[in-house]
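**Student:** sequence first, then the predicted structure:
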Amino acid sequence: MPVEHSGHQGGPCGKRVGEEGWRLGWSVPGMARREEQAEGDNHLSLAGNERRPALVASLGTLGLWLQDMADSAQAQKLVYLVTGGCGFLGEHVVRMLLQQEPRLRELRIFDLHLGPWLEELKTGPVQVTAIQGDVTQAHEVAAAVAGAHVVIHTAGLVDVFGKASPETIHEVNVQGTKNVIEACVQTGTQFLVYTSSMEVVGPNIKGHPFYRGNEDTPYEAVHRHPYPSSKARAEQLVLEANGRKVRGGLPLVTCALRPTGIYGEGHQIMRDIYYQGLRLGGRLFRAIPASVEHGRVYVGNVAWMHVLVARELQQRPALMGGQVYFCYDKSPYKSYEDFNMEFLGPCGLRLVGTRPLLPYWLLMLLAALNALLQWLLRPLLLYAPLLNPYTLAMANTTFTVSTNKAQRHFGYEPLFSWEESRTRTIRWMQAMDSSAQ
Ligand SMILES: NC(=O)c1ccc[n+]([C@@H]2O[C@H](COP(=O)([O-])OP(=O)(O)OC[C@H]3O[C@@H](n4cnc5c(N)ncnc54)[C@H](O)[C@@H]3O)[C@@H](O)[C@H]2O)c1
Ligand SMILES: CC(C)[C@@H](O)CC[C@@H](C)[C@H]1CC[C@H]2[C@@H]3[C@H](O)C=C4C[C@@H](O)CC[C@]4(C)[C@H]3CC[C@]12C
């Protein structure tokens, strides 16, 4: 279990540390346990042999240590590659792998933008290799994948605000995924986990609700927006690649994880909404009915599911290969705005209105005006507000999941409870607040 940085004080805007302080301090409890065991045995051996010189006890400790080295040398043999490893989700996947995957010998982190925090990871027993690269460049992807046993492909352009062109979104999310698949085939990597999205399913352009559905719930998935369309196509490519022969003749084993709206430490949209509220005098104005449920899942649990599915895919390829799994935990079913207030409220913001303050037709008009403004201003500047026709429709359509497929197929249970997820997110926001002041 990751260890928080010390000094975090909970509670409404309590004592805070700088934003860097929110990065989880990570220890490897197993190592601590091993030392305790050695100490314990040492104590035991002394109790049974009071007259024996300390040398015997030390030999006991040395024997345990050597056994540990032998075990870990035998165990540490896998090479993992995480694309997008410096992103919001990617960073949590990287840290979770270092914490929870004992067989890791090398962890490669492939990203267009490498984070400075990677340096701190290079002091541990696992070889951490940072690779600055572009998934749209097949040769860069092939070079990074070569020799990896497992690829976790999270890299992507997550844009529903019109920041990137449809062509760019397709180039990164679809062509980039094709490049990852082909690299696995050409270099002989056998296991590929793809970070897909709830949006592969919906909400669809008709605004049909998806109420606590699962992986088998019938739903008319109809996309026009570039982002969900690209995620749907990429997921399809990954699942179709399952069973292809890779170099060396073994079958490629793939699966896709579908997170709903991810929240937690490092969530940029939550950060943007928080600062918007500060600019409005600590107030946010309700735009979506409280009855519209929107699925959310804590980033630490999404990261844990990635680590676990990557491990179990190697053990149960026949069952798990070609499968999709929604990412889920115990986060409550609430409207997008009410859910955000679980974290924004303890940081001093208030959501005004028990029902939307503006009629839906007026919100649609404002969203359309934002889209028009974005188009008119594009030659001069990037205007990308939260409210646009797509985000309004999405926020206004119920989409929640209720499933246990990941538990049935590979024993997934959330690593973090709702209370822990909420507390960690609040602490991160409070740390962010202090670094902004
Ligand atoms: N955030 C969510 O709520 C959510 C929900 C469901 C699924 N997802 C999926 O999870 C994945 C990660 O999303 P995120 O929220 O962490 O986004 P993010 O933007 O924080 O991270 C994406 C990472 O990919 C990297 N990247 C982008 N283009 C690249 C390229 N051409 N080559 C190499 N790296 C590139 C970025 O630098 C970034 O580090 C995405 O595939 C996204 O579709 C996100
Ligand atoms: C301005 C109001 C209408 C405000 O309530 C808009 C909220 C809006 C920005 C978000 C509502 C739903 C979000 C999306 C959802 O959580 C799932 C997603 C899938 C994931 O793959 C990427 C992120 C996202 C599209 C997420 C983006 C923000 C919302 C649209």
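**Tutor:** Structure received. Numbering: from 1, shown residues only. Ligands and ions are numbered 1, 2, ... in the order given.
**Student:** what is the burial count for Gly62?
**Tutor:** Quick fix: residue 62 reads Leu, not Gly. By other Cβ atoms under 10 Å, the residues close to Leu62 number 11. The way it works is simple: take the backbone N, C-alpha and C, and place the C-beta from them, glycine included.
**Student:** let's verify it: helix, strand, or coil?
**Tutor:** helix (DSSP: H, G, I helix; E, B strand; the rest coil).
**Student:** please renumber the chain so that the first residue is 39 from this point on.
**Tutor:** Shifting the count to begin at 39 puts that one at Leu100.
**Student:** do you know how far it is from ligand 2?
**Tutor:** 51 Å (Cβ to the nearest ligand atom, to the nearest Å).
**Student:** point to the residue nearest the middle of the chain.
**Tutor:** The centroid of the chain falls nearest to Leu127 when counting by Cα atoms, centre = their mean (2.9 Å).
**Student:** quick one, what contacts it?
**Tutor:** Thr192, Thr233, Pro297, Ile300, Val337, Val340, Ala341 (Cβ atoms under 8 Å, 6 or more residues apart in numbering).
**Student:** surely Trp155 is in contact with Glu129?
**Tutor:** Yes: here Trp155 lies in contact with Glu129, judged by Cβ atoms under 8 Å, at a distance of 7.4 Å.
**Student:** the more surrounded of those two?
**Tutor:** Ranked by neighbour count (other Cβ under 10 Å), Trp155 and Glu129 place Glu129 first, with 25 against 13.
**Student:** what residue in the chain comes nearest to ligand 1?
**Tutor:** Nearest residue of the chain to ligand 1: Gly125, at 2.1 Å (Cβ to the nearest ligand atom).
**Student:** do you know the pLDDT at that residue?
**Tutor:** The per-residue pLDDT reported for Gly125 equals 98.
**Student:** for it, give me phi and psi.
**Tutor:** phi -80, psi -180 (degrees, to the nearest 10).
**Student:** residues contacting the residue nearest to it when sequence neighbours are not counted?
**Tutor:** What sits nearest to Gly125 in space, not counting adjacent residues and going by Cβ to Cβ, 6 or more residues apart in numbering, is Thr192, at 6.3 Å. Each residue near Thr192 by Cβ under 8 Å, 6+ apart is listed here: Val120, Thr121, Gly122, Gly123, Gly125, Leu127, Gly128, Val131, Thr233, His344.
**Student:** so what's the first one up against?
**Tutor:** If you count contacts by Cβ under 8 Å, 6+ apart, Val120 has them with Gly128, Val131, Val132, Leu135, Leu145, Arg146, Ile147, Phe148, Val189, Ile190, Thr192.
**Student:** and if we set it to 6 Å?
**Tutor:** Counting by Cβ atoms under 6 Å, 6 or more residues apart in numbering, Val120 touches Gly128, Val131, Val132, Ile147, Ile190.
**Student:** try the fourth one
**Tutor:** By Cβ under 6 Å, 6+ apart, the contact list for Gly123 reads Val132, Ile147, Asp149.
**Student:** what do you get for the third one?
**Tutor:** With Cβ under 6 Å, 6+ apart as the criterion, the residues that contact Gly122 are Gly128, Asp149, Thr192, Ala193.
**Student:** and Tyr249, what helix or strand is that in?
**Tutor:** Tyr249 is part of strand 248-251 when elements are defined by DSSP states H and E.
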